[in-house]
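Colleague: Let's see this in three dimensions:
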Amino acid sequence: MKIETKVEKFNEPLHLESGRILEEFELIYETYGELNEDKSNVIVICHALSGSHHAAGRYANEAKPGWWDKFIGDGKTIDTTKYFVICSNSLGSSFGSTNPLSIDPSTKKEYRFRFPVLAISDVVKAQMKLYERLGIENAVAVVGGSMGGMQTLCYAIEQPNFAKHYIALATTAYTRPWAIAVNKIAIEAIKNDPAFKDGMYEKDDIVANGLTGLAVGRMAGLNAYLSPKLFNRKFGRDYSEQDGLYELFGNFEVERYLEYNAFNFPKVFDPLSYLYVCKTMNIFDVGRNKDKVEDSFEKVNGQLHLISFEDDMLFFPEEMEEIRDIMIKIGKEDQVTYKMIESQSGHDSFLVEVEKFEDYIKDILKG
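Modeller: The predicted model follows:
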């Protein structure tokens with residue numbers, strides 16, 4: 001599989017939903033496969049909160065492949081011998097696109113808290129500018145899960161003629177109080193960590209030492225991303241062999257798992273970016289401004305495909321069923337499909353249980 005990572009700089013303003021403006025911005029993106037002559041074989045991949053542009057494949061120095069490597073590659077569900085696949089790192093994220101630690105051209109200093117709050121629409125608008133520069137006018141499909149699914153819905157509504165298929169997994173039409181509450185734990189833990197220094201920390205210090213507040217927030221997230229069934233199956237009541245049962249801070253294996261994953265996370269994901277991306281997800285609502293949710297889905301022209309997961313405890317199946325029901329209610333039943341997967345990995349099932357929906361998506365792409 002041919003894989004390339006590139007950065008595109010835009011010396012032009014991006015007008016944001018909030019009314020603010022990014023005077024200039026950069027997007028880092030990765031491509032897989034070959035673009036055909038008439039540029040008609042494009043599939044767009046949108047990543048989740050902690051994801052990046054590195055969706056598949058592996059570079060020589062990497063221990064792990066991209067986050068959706070099970071799904072994207074030669075002969076896989078998104079077959080890179082047929083399709084030219086592109087995944088951009090979202091604005092605000094900490095993996096190379098413009099974010100709170102980027103330089104503000106007006107001050108020549110890092111944005112920090114001067115960085116604007118972004119909406120999902122802003123993320124999509126920036127990506128559309130990238131495709132325009134690359135000469136890509138249409139895509140076969142836009143595919144994304146979780147926050148990537150929010151982007152997919154936004155594409156379907158605001159860029160209704162861009163793709164034939166819009167495939168949204170494990171997502172919602174508007175963020176409910178439960179998901180906002182999960183994010184709130186992370187937001188407060190980060191803000192109140194003395195090492196955060198009111199957003200004026202040294203980045204190298206966080207990479208070297210981590211940030212307890214972000215680690216605690218990540219633990220809260222992991223509890224929502226996974227599921228009781230997974231915890232029961234994976235850990236049971238197993239206790240750490242190194243710890244005594246009657247030691248106050250002795251750990252069950254599930255606690256060790258949370259500690260290991262959560263305390264490593266701040267070394268790869270910037271806390272300011274985490275705050276901004278959480279805000280972007282929290283304010284997501286396809287029915288914002290003057291539109292009702294039904295009004296927004298009236299704009300859909302392509303085929304909208306919805307995939308939920310039975311034990312998803314972040315964006316519950318009924319949230320996607322609501323989208324299906326709205327599409328039927330407004331007379332677009334021929335433009336929507338819905339499938340619920342009998343999953344065992346919670347919200348993260350869209351990443352790890354690919355074998356349960358790969359044939360379904362292959363059939364969608366075949367038409």
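
Colleague: any weak-confidence spans in this structure?
Modeller: 289-290 (pLDDT under 70).

Colleague: so how far is N301 from the most centrally placed residue in it?
Modeller: Centroid-nearest residue in the chain: A48, 1.2 Å away (criterion: CA atoms, centre = their mean). A48 is 26 Å from N301, where distance means CB to CB, to the nearest Å. C-beta coordinates here come from the backbone N, C-alpha and C atoms, glycine included.

Colleague: And for V268?
Modeller: The value you get for V268 to N301, if CB to CB is used, is 38 Å.

Colleague: now do Y29
Modeller: According to CB to CB, Y29 and N301 sit 25 Å apart.

Colleague: So for the two, which residue has more residues nearby?
Modeller: Of the pair Y29 and N301, Y29 is the one with more neighbours under other CB atoms under 10 Å, namely 22 against 16.

Colleague: got the contact list for that one?
Modeller: Y29 makes contact with T5, K6, V7, E8, H53, I86, C87, S88, N89, L130 under the criterion CB atoms under 8 Å, 6 or more residues apart in numbering.

Colleague: Among those, the buried ones, what's the PyMOL command?
Modeller: Burial among the contacts of Y29 is assessed by 16 or more other CB atoms under 10 Å; the matching PyMOL selection reads:
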select buried, resi 8+53+86+87+88+89+130
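
Colleague: Where helices are concerned, which of the contacts of Y29 count?
Modeller: L130 (DSSP state H).

Colleague: Just give me the closest of the contacts of Y29 to M340.
Modeller: Proximity of the contacts of Y29 to M340 (CB to CB) peaks at C87, which lies at 25.6 Å.

Colleague: quick one: contacts for that closest one?
Modeller: With contacts defined as CB under 8 Å, 6+ apart, the neighbours of C87 are Y29, E30, T31, V44, I45, C46, H47, H53, H54, A55.

Colleague: and which of those residues is nearest to T80?
Modeller: Set against T80, the nearest of these by CB to CB is T31 (9.4 Å).

Colleague: ok, then the element right after the one helix or strand that closest one maps to?
Modeller: Taking DSSP states H and E as the definition, T31 sits inside strand 25-32. Next in sequence after strand 25-32, counting helices and strands by DSSP H and E, comes strand 42-46.

Colleague: Look at A220 and give its secondary structure.
Modeller: What DSSP: H, G, I helix; E, B strand; the rest coil gives for A220 is helix.

Colleague: In this structure it contacts E188, no?
Modeller: No: when contacts are counted by CB atoms under 8 Å, A220 is not listed as touching E188 (10.1 Å).

Colleague: Name the residue in these two with the higher neighbour count.
Modeller: Taking other CB under 10 Å, A220 and E188 do not tie; A220 has more neighbours (18 against 13).

Colleague: all helices of the chain, in order?
Modeller: Per DSSP H, the chain carries helices over the ranges 120-134, 147-158, 177-191, 203-209, 212-225, 228-234, 253-264, 271-282, 293-297, 317-329, 349-352, 358-366.

Colleague: just those helices: most buried one?
Modeller: Scoring the helices of the chain by mean neighbour count under mean count of other CB atoms under 10 Å gives helix 147-158 as the most buried, with a mean of 27.

Colleague: My guess is M281 contacts G149. True?
Modeller: No: using CB under 8 Å as the test, M281 is too far from G149 to be in contact (10.8 Å).

Colleague: List the contacts of E294.
Modeller: Each residue near E294 by CB under 8 Å, 6+ apart is listed here: G287, I326, K329, I330.

Colleague: among the residues you listed, which two are most distant?
Modeller: The most widely separated members of these, counting by CB to CB, are G287 and K329 (13.9 Å).

Colleague: what does stretch 215-224 contact?
Modeller: 49, 179, 182-183, 185-187, 189-190, 258, 261-263, 265-266, 274, 313-314, 346-347.

Colleague: meant to ask about stretch 330-345, not that
Modeller: 226-227, 229-230, 233, 294, 297-298, 300-312, 317, 320-321, 323-324, 327-328, 349, 351-353, 356-357, 360, 364.

Colleague: how's this structure carved up into domains?
Modeller: The record, using automatic domain parsing to delimit domains, assigns the chain the ranges 3-175+285-366, 179-279.

Colleague: Look up how far L314 lies from the closest residue to the residue nearest to the centre of the chain other than its chain neighbours.
Modeller: In this structure, A48 finds its nearest non-sequential neighbour in S146, 3.8 Å apart by CB to CB, 6 or more residues apart in numbering. In this view, S146 and L314 are 7 Å apart by CB to CB.

Colleague: Give the residues shared as contacts by these two.
Modeller: Residues touching both S146 and L314 by CB under 8 Å, 6+ apart: A170, H347.

Colleague: G287: what's it in contact with?
Modeller: Taking CB under 8 Å, 6+ apart, we find G287 in contact with A173, Y174, V293, E294, D295, S296.

Colleague: Include distance to R20 when you put those residues into TSV, please.
Modeller: Converted to TSV, the contacts of G287 look like this (distance: CB to CB, whole Å):
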residue	distance to R20
A173	25
Y174	22
V293	25
E294	29
D295	25
S296	23
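
Colleague: Give me the residues contacting stretch 182-193.
Modeller: Counting by CB under 8 Å, 6+ apart, residues outside stretch 182-193 touching it are 196, 211-214, 216-218, 220-221, 223-224, 271, 274-275, 278, 281-282, 314.
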